[in-house]
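Visitor: Below are the sequence and a predicted model; questions follow.
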Amino acid sequence: MKIRVAFLTILLCPTFVGAENLPPLRNSELEILDGRIERLERERDQKLDVLKKCEQETRGFKIAGITTLAATGVGIYANIKLNETRKKLSAGGGSGGGIVRDMRPQETKNNESCELLCSLGIAPPDCGC
């Protein structure tokens, strides 16, 4: 560690000492440096604007992601509750799996359908309304 400090001291000291021995800058050199500084400041401002826009977009993406996760959670919860309800119905209904089946003869079903359609004013040709 001491060797590194000594090496850096030897390496950097002439740089700092040499800065005092430099000749003064002329007006034309100062103008060139001022122009470079202005250009660099403009670039910095443009890049900051781009960065701010990017941060706003990222914030929007984060909000959309959180909303999606919340909606997914609600959907998962609803599916779990629906599955529990289905299991309760199928446990009480025997082998039907919770589905209620109309066990009446087809003739009875057809007659009731014709009566309903006739009462609504829709007369199918096969019904004798």
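Guide: Structure's in. What do you need?

Visitor: where are the low-confidence patches of the chain?
Guide: Judged by pLDDT under 70, the chain has its weakly predicted residues at 1-23, 25, 92-100, 123.

Visitor: all helices of it, in order?
Guide: Secondary structure of the chain (DSSP state H): helices at 2-20, 27-93, 106-119.

Visitor: which one of those helices lies closest to P125?
Guide: helix 106-119 (10.7 Å; Cβ to Cβ). For the C-beta atoms, the positions are set from N, CA and C on the backbone; glycine is no exception.

Visitor: Please enumerate residues in contact with that closest one?
Guide: Helix 106-119 has contacts (Cβ atoms under 8 Å, 6 or more residues apart in numbering) with D102, A123, P124, D126, C127, G128, C129.

Visitor: so can I have CSV of these showing distance to N83 and neighbour count?
Guide: Output for the contacts of helix 106-119, formatted as CSV (distance: Cβ to Cβ, whole Å; neighbours: other Cβ atoms under 10 Å):
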residue, distance to N83, neighbour count
D102, 25, 8
A123, 44, 12
P124, 40, 11
D126, 42, 7
C127, 41, 15
G128, 46, 8
C129, 45, 12
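
Visitor: Which two of the residues you listed have the greatest separation?
Guide: Most distant of those, by Cβ to Cβ, are D102 and A123, 24.1 Å apart.

Visitor: who touches the spatially most central residue of the chain in this structure?
Guide: Centroid check for the chain by Cα atoms, centre = their mean gives G65 as the closest residue, at 2.5 Å. The neighbourhood of G65, defined by Cβ under 8 Å, 6+ apart, contains no residues.

Visitor: how far away is it from M103?
Guide: Applying Cβ to Cβ, to the nearest Å, the value for G65 to M103 is 51 Å.

Visitor: can you check E38 too?
Guide: From E38 across to M103, the span is 90 Å (Cβ to Cβ).

Visitor: higher neighbour count, the two?
Guide: Between E38 and M103, counting by other Cβ atoms under 10 Å, E38 is the more crowded of the two (10 against 5).
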